[in-house]
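1. this one's sequence-less:
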């Protein structure tokens with residue numbers, strides 16, 4: 001082929017921004033560059049193992065996959081080499097010059113300028129190759145993709161300032177060599193002991209040998225001398241294939257970081273081997289912090305699929321349900337064919353068994369935290385819920401087989417604490433129910449304060465009955481799949497007629513009947529005035545302080561859900577609410593004896609009730625005008 005001349009190209013704007021942020025935010029943990037580059041080299045070997053199934057000739061005379069780390073004190077360079085899949089010219093430009101991933105804009109919009117917070121966010125995004133610029137002021141990459149001729153080698157070089165050069169070279173061997181030209185003051189890394197200790201700390205779990213040249217003491221020269229003989233620095237066996245008793249917590253943590261490119265330790269993890277008709281190994285991790293793209297439901301999950309320790313595919317989304325998309329890990333099957341494809345995954349019975357087992361394994365991990373008497377584990381579950389609770393709620397509707405287990409893991413805010421922190425389980429609510437109470441009461445709102453201050457809560461506060469305060473966007477959808485818990489029906493305090501059952505005594509019931517008779521004429525007049533706004537008007541005893549409130553019929557969508565549908569641009573049914581009035585409120589007494597401004601007062605009560613529950617007025621100008629007129633009179 002014709003060798004192309006050296007070409008200068010510009011980084012994608014996001015790469016420039018990431019480089020500047022990363023160099024400053026992650027500077028306190030410089031050594032992670034080696035972990036990231038070795039991790040990439042390991043991925044390149046995994047890809048060759050997979051593609052080599054169909055192209056065994058790609059291995060040539062170099063069948064043993066490995067990673068090599070070298071340093072040159074005189075040249076002040078560190079190099080990381082692998083004989084994995086390598087890259088073509090186009091792949092070099094795409095992989096080293098752009099960030100081609102969904103959620104990039106959202107990621108940058110969340111950056112705050114606070115170095116500590118941004119470092120955590122950058123860790124979630126994954127910096128990979130670019131972390132090398134933390135210690136290097138120039139990086140050279142030489143690579144050739146397996147299967148291409150030697151003349152199709154590529155050299156990429158950049159100082160990270162905004163541009164890179166790329167040119168074609170002859171490269172006899174496949175794979176990639178990355179050479180770091182160190183910044184001033186980074187010579188500590190030009191040290192065999194230092195590099196070996198970093199490799200053992202962060203990359204001991206890598207399943208292929210990481211090699212360095214041996215170093216021995218030369219008695220004549222009175223110094224360490226580097227030999228040509230190579231030695232393996234890591235154990236070079238798949239972590240999940242080792243005996244549990246041989247794996248330290250630090251090794252689990254570093255393997256998680258290798259998989260996820262997260263900078264924090266996982267919240268919890270589980271290594272499990274399943275034997276029988278289906279044989280597979282699961283190593284699953286729950287992160288301690290939600291990734292920036294958690295709400296991207298098109299994002300594939302974080303599960304890597306292996307067959308007999310041969311990497312098959314990344315982000316095998318069929319191995320974990322969507323509501324557990326935050327889980328990262330490895331599943332290694334002994335039964336699946338090596339040529340398994342995403343299409344085969346759709347139909348495979350073995351995959352269904354693995355998915356069901358993995359789902360139950362994750363739920364068991366969460367139950368262990370949630371139900372523990374150990375305060376540290378309880379705190380971990382509180383952390384989990386704050387980060388992933390809204391996603392777990394999706395499972396109530398998506399996973400009927402495990403719905404009961406998921407319901408026990410849910411946490412809510414409630415009037416018992418009046419705090420926005422979601423700490424109340426359904427089991428705790430049931431245990432606190434008052435004598436005679438047969439329902440689990442809840443109220444929904446667009447925000448916590450809207451739910452907390454809902455007028456529908458007034459009678460429940462008066463009687464000391466706990467109500468769950470639901471304000472997550474997923475709550476309304478979730479509630480459509482729950483009818484009861486532990487034999488207790490879930491009931492919205494803002495839907496249907498108020499039925500407190502035996503919580504109301506006979507005397508109260510008789511007084512209510514008498515009051516309804518007294519207000520019958522007023523109710524009939526209000527129905528006529530508000531026939532375009534309200535489906536019905538009736539007396540209520542759920543209010544103690546507010547003059548009126550709006551409710552939905554028992555089998556209709558709540559006002560909160562209707563507003564959410566409209567805000568999302570979805571078709572929402574045209575439903576009129578029911579207006580309930582408080583017969584003991586002074587405004588109602590004023591209305592009862594007022595013929596001249598009756599229509600204005602009736603409309604004002606309806607509009608106030610709509611505003612109180614977070615609704616929007618169809619005609620705000622008329623409301624203001626009516627309010628001003630009544631204030632003046």
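-> On my side now, so go ahead. Every value quoted in this text rests on a predicted model; they were computed, and no experiment measured them. Numbering: from 1, shown residues only.
2. State the number of residues packed around residue 598.
-> By the criterion of other C-beta atoms under 10 Å, residue 598 has 16 neighbours. (Each C-beta comes from the backbone N, C-alpha and C, glycine too.)
3. Backbone torsions only: list them for it.
-> phi -60, psi -50 (degrees, to the nearest 10).
4. Now do the contacts for it.
-> When the contact criterion is C-beta atoms under 8 Å, 6 or more residues apart in numbering, the partners of residue 598 are 525, 529, 591.
5. Filter those down to just the ones in helices.
-> Among the contacts of residue 598, DSSP state H puts 525, 529, 591 in helices.
6. Does the last one touch residue 601 like I think?
-> Yes. Between residue 591 and residue 601 there is a contact under C-beta atoms under 8 Å: 4.6 Å.
7. re the thing from before, closest to residue 173 among the ones in helices among the contacts of residue 598?
-> residue 529 (87.0 Å; C-beta to C-beta).
8. Against residue 162, how distant is the closest residue to the closest one other than its chain neighbours?
-> Setting aside the residues directly before and after it, residue 529 is nearest to residue 602 in space (C-beta to C-beta, 6 or more residues apart in numbering), at 4.4 Å. Applying C-beta to C-beta, to the nearest Å, the value for residue 602 to residue 162 is 67 Å.
9. Can you pick out the residue with more neighbours from these two?
-> residue 602 (24 against 13).
10. looking at it, that one is touching residue 527, isn't it?
-> No. Between residue 602 and residue 527 there is no contact under C-beta under 8 Å: 9.4 Å.
11. All the strands of the stretch 101-250 of the chain, residue numbers only.
-> 136-144, 153-158, 163-169, 175-182, 210-218, 223-232 (DSSP state E, counting those that start in this stretch).
12. Quick check: which helices or strands does the second one pack against?
-> Contact partners of strand 153-158 among helices and strands, from 3 or more C-beta pairs under 8 Å, 6 or more residues apart in numbering; DSSP states H and E: helix 89-97, strand 136-144, strand 163-169.
13. what do you get for the last one?
-> Based on contacts counted as 3+ C-beta pairs under 8 Å, 6+ apart, the elements that strand 223-232 packs against are strand 210-218.
14. Tell me which residues of the strand it packs on come out buried.
-> For strand 210-218, a neighbour-count test (16 or more other C-beta atoms under 10 Å) marks 210, 211, 212, 215 as buried.
15. Domain boundaries for this protein, per the record?
-> Listed domain ranges for the chain are 7-235, 240-378, 389-502, 506-632 (source: automatic domain parsing).
16. Low-confidence bits of the stretch 201-350 of the chain, can you list those?
-> Scanning the stretch 201-350 of the chain with the threshold set as pLDDT under 70 gives 219, 221-222, 297-301, 339, 341-342, 344.
17. that older thread, out of the helices and strands packed on strand 153-158, which is closest to residue 69?
-> strand 136-144 (14.4 Å).
18. per-residue confidence averaged over the host helix or strand of residue 47?
-> For residue 47, the host element (DSSP states H and E) is helix 32-51. Mean pLDDT, helix 32-51: 90.
19. Summarise which helices and strands it is packed against.
-> strand 67-72, strand 77-82, strand 175-182, helix 192-202, helix 249-260, strand 310-313.
20. Flag every buried residue along it.
-> Neighbour-count burial for helix 32-51 [16+ other C-beta under 10 Å]: 32-50.
21. Alright, that wraps it up for me.
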